[in-house]
Structures are given as structure tokens and as C-alpha cells.
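# coords please:
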Amino acid sequence: MTESLHRSPLHNIHKSCEAKFAEFGGWLMPLSYTTGTLQEHKACRAEAAIFDVSHLGTLRVTGGDAFQAIQETFTNDLNRIDPGKAQYSHFLNDLGGVIDDVIIWWIDDSVFEIMPNASNTQRVSSAFESFQGEVHASDTTHQRAVIAVQGPKAREVLGKVSEKLSLIQRFCIGKVTYMNYSLIAAGTGYTGEDGLEISVPLDVAEELWSDLVSAGATPAGLGARDTLRLEAALPLHGNELTAEITSLEADLKWVVAMTKRDFRGRPAIENQLQNGVQRKLFGIVANGRRPPRSGQIITKDGQEVGVITSGNYSPMLECGIALAMLPSKTLVGDKVQIVGRSSEMEATVAATPFYKGQVNS
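Predicted coordinates for the structure are as follows:
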């Protein structure tokens with residue numbers, strides 16, 4: 001089975017570090033290293049961690065009509081930013097469900113790089129095929145590696161390798177020369193901490209990874225990346241964001257720019273804005289260390305009221321936490337029960353993020 005999976009350009013480095021591997025969106029990626037997910041998570045919260053996220057897709061969108069094509073494809077409004085900035089956005093179906101969430105890097109006037117989730121690159125790319133105008137979308141996923149450095153000491157680590165990298169601010173794009181190669185980096189991440197995501201040419205990907213580790217970044221797998229994003233209450237495609245869950249139900253109204261005249265799914269979102277949503281995402285904190293799991297039922301006063309979309313153990317709170325789809329009338333502080341295989345677990349509806357890192361503190 002693993003023979004049919006894509007491998008990261010950094011696979012050999014992970015293998016030499018005795019990483020444990022798992023499948024992510026058709027890629028064989030490091031789940032954890034010898035230190036384990038718990039310690040990797042804490043390293044990111046206290047100092048700096050380095051992640052291989054090369055499994056994310058990259059679409060380079062160019063052409064005189066690239067701006068308009070992106071405006072009509074995604075929910076957010078590029079007029080809110082300028083070239084040299086990054087923006088989070090959604091790609092919807094006609095019912096307002098989230099087909100994918102992406103980060104858009106606006107590199108130059110008519111040059112963009114869009115980062116879909118691993119399994120959705122072709123789906124997002126196909127959205128540009130029907131656009132009538134001068135726009136070209138090319139899949140460059142396999143032409144680069146993507147390295148994320150995250151944590152309160154991320155900039156200190158980055159500065160030891162490249163001062164220019166360390167100066168790229170939150171949601172800004174920067175071009176940096178490293179070993180005579182051009183890197184593109186953005187002040188983005190998926191942990192709730194400060195840091196960068198760096199698109200690196202294949203020829204120097206291993207060197208940059210090694211230099212950043214030598215500078216003090218702790219290698220961390222996608223297991224820790226998932227527990228970090230959950231503590232920060234960041235949505236995961238396939239869990240909190242699906243074709244059946246709209247941006248409003250995911251409690252992400254801010255990512256939908258209704259000031260734009262047209263984008264796919266706009267009528268459905270407009271209808272929900274006018275009539276309200278019946279359900280939306282809430283945080284749940286369990287009364288114990290047992291981790292809730294995706295798909296578990298939530299009950300209140302003996303009645304089924306919702307379902308967990310993501311759940312895990314929080315290394316920082318030292319208890320189980322979850323995101324759950326619940327009735328929109330639910331209130332923070334409400335007492336609920338999580339239905340397990342053999343018993344129920346007491347829990348409380350909680351404000352999010354569960355843990356405030358540097359980005360959301």
C-alpha cells in the first residue's frame with residue numbers, strides 16, 4: 001500500500017531520524033519522531049518546532065485575469081489585502097458546503113500560489129478550467145518542499161539561518177535567497193503560534209531542514225500538528241469543514257465576503273445569513289484525561305444534540321478537548337455528555353481557542 005503513496009522530498013531525512021509514518025491525503029508523512037507527539041507538541045508551545053508539510057498542494061495561478069478568477073472562486077475578498085500578503089479562504093459548493101479551505105499567497109500583481117489540502121489540489125485546479133479569461137493554473141506541488149517553523153522562538157531559530165526569513169511578518173509574503181536559491185515564505189501556520197511556512201526548491205530542501213534543526217528547531221510530526229491545531233480550535237478539512245458543513249456553521253463567517261457580487265455558493269450563504277443557522281461548531285472540554293474522538297455523540301439531559309467533529313487529549317490543558325457540531329442556541333458553560341463505547345463522559349461547552357498561543361493571545 002505504501003508504495004502507491006507520494007513521498008515528501010524530505011522522506012529520507014525523516015527515515016534517518018526513525019520517524020513513524022502514516023498516510024495523509026495520499027502521502028506517506030511523518031506522524032512522530034522518537035521524542036513522541038506529546039514532547040513535540042510541548043516543544044512547539046515553549047520553543048520552536050519544525051514540520052514537513054510538503055503534502056499540501058500548491059497551485060500557481062497566473063495571467064491578466066488571475067485576480068478576478070480567484071475572486072469568483074473563493075469566498076474571501078482579495079481587495080482586503082495587497083500583493084505580498086497571504087489570505088485564508090474557502091472554496092464552496094452550490095449549497096454553501098466547504099469543498100476546501102486554502103491559503104492564498106499573493107506573490108506579485110498577477111502571480112498567486114494557492115495551497116489546498118493534500119487530496120483537493122486537482123479539485124481546486126479544475127475550478128479555473130471553466131473561467132473565461134486569461135488565467136493559468138499549474139500544479140507545482142512536486143517541484144518544492146514546504147517546511148513550517150512554529151513556536152514562540154521560531155523567529156530566533158529562523159534568524160540563525162536567515163535574518164530576512166525571521167523578519168517576514170504575520171500573513172506577509174517574502175522572497176529570500178538561500179544557498180543561491182530563491183525561497184518564498186509566508187507568515188502563516190496551523191498551530192496557534194508564530195512562525196513561517198517556507199516553499200523550498202527541491203535541491204536545497206534537505207539542507208534548509210538540517211540547518212533549521214541545527215539552529216534549535218525540534219522536528220515534529222503531523223500528530224503534534226493536529227493536537228496543536230485542535231488546542232487553537234483551527235478547523236480540519238474533512239472534520240470541521242466538509243461539503244455538508246457551511247462556512248457559517250463552521251463559525252467562520254469572517255472568511256465570507258458578502259460585499260463581493262458573486263462567488264460559488266453565495267446564494268446559499270446569503271440564505272443562511274438571512275434565516276440563521278440551526279447548528280454550528282462549539283468547543284467541548286471533558287472532565288478528565290480521556291480523549292474524545294470524532295464521531296462520538298453529544299447528549300444533553302438525555303437527548304442527543306450533536307456530534308464531535310475532532311477530539312483529542314490536550315497536552316497543555318491535560319484533559320480531553322473537542323470541537324463539536326451542536327445546536328446554535330447552545331451556550332458556553334452548558335453541561336453535556338460524550339457517549340463512549342462503554343460509558344458516558346461529562347463535559348462542558350467551552351470558549352475557543354482552548355489554548356492561546358502567540359498568534360491568538
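# for this structure, what spans make up the helices?
Assigned by DSSP state H, the helices in the chain fall at 11-16, 37-46, 66-73, 121-126, 154-161, 163-166, 202-214, 222-231, 266-275.
# What is the neighbour count of Glu346?
11 (other CB atoms under 10 Å). Placement of C-beta: from N, CA and C, glycine included.
# Would you mind giving the helices of the chain as JSON lines with mean neighbour count, mean pLDDT and distance to Leu317 added?
Formatted as JSON lines, the helices of the chain follow (neighbours: other CB atoms under 10 Å; pLDDT from 0 to 100; distance: least, CB to CB, whole Å):
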{"stretch": "helix 11-16", "mean neighbour count": "15", "mean pLDDT": "97", "distance to Leu317": "29"}
{"stretch": "helix 37-46", "mean neighbour count": "21", "mean pLDDT": "98", "distance to Leu317": "11"}
{"stretch": "helix 66-73", "mean neighbour count": "20", "mean pLDDT": "96", "distance to Leu317": "38"}
{"stretch": "helix 121-126", "mean neighbour count": "16", "mean pLDDT": "92", "distance to Leu317": "34"}
{"stretch": "helix 154-161", "mean neighbour count": "21", "mean pLDDT": "98", "distance to Leu317": "22"}
{"stretch": "helix 163-166", "mean neighbour count": "17", "mean pLDDT": "97", "distance to Leu317": "30"}
{"stretch": "helix 202-214", "mean neighbour count": "17", "mean pLDDT": "98", "distance to Leu317": "28"}
{"stretch": "helix 222-231", "mean neighbour count": "24", "mean pLDDT": "98", "distance to Leu317": "7"}
{"stretch": "helix 266-275", "mean neighbour count": "14", "mean pLDDT": "97", "distance to Leu317": "32"}
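# for the ones you listed, which one sits closest to Asp94?
Relative to Asp94, the nearest member of the helices of the chain by CB to CB is helix 266-275, separated by 6.7 Å.
# Give me the contact list for that closest one.
For helix 266-275, the external contacting residues (CB atoms under 8 Å, 6 or more residues apart in numbering) are 75, 92, 94-96, 246-249, 256, 258, 260.
# if we can go back for a sec, want to throw the helices of the chain into a markdown table with distance to Val339?
Converted to a markdown table, the helices of the chain look like this (distance: least, CB to CB, whole Å):
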| stretch | distance to Val339 |
| --- | --- |
| helix 11-16 | 37 |
| helix 37-46 | 26 |
| helix 66-73 | 39 |
| helix 121-126 | 34 |
| helix 154-161 | 39 |
| helix 163-166 | 47 |
| helix 202-214 | 43 |
| helix 222-231 | 20 |
| helix 266-275 | 28 |
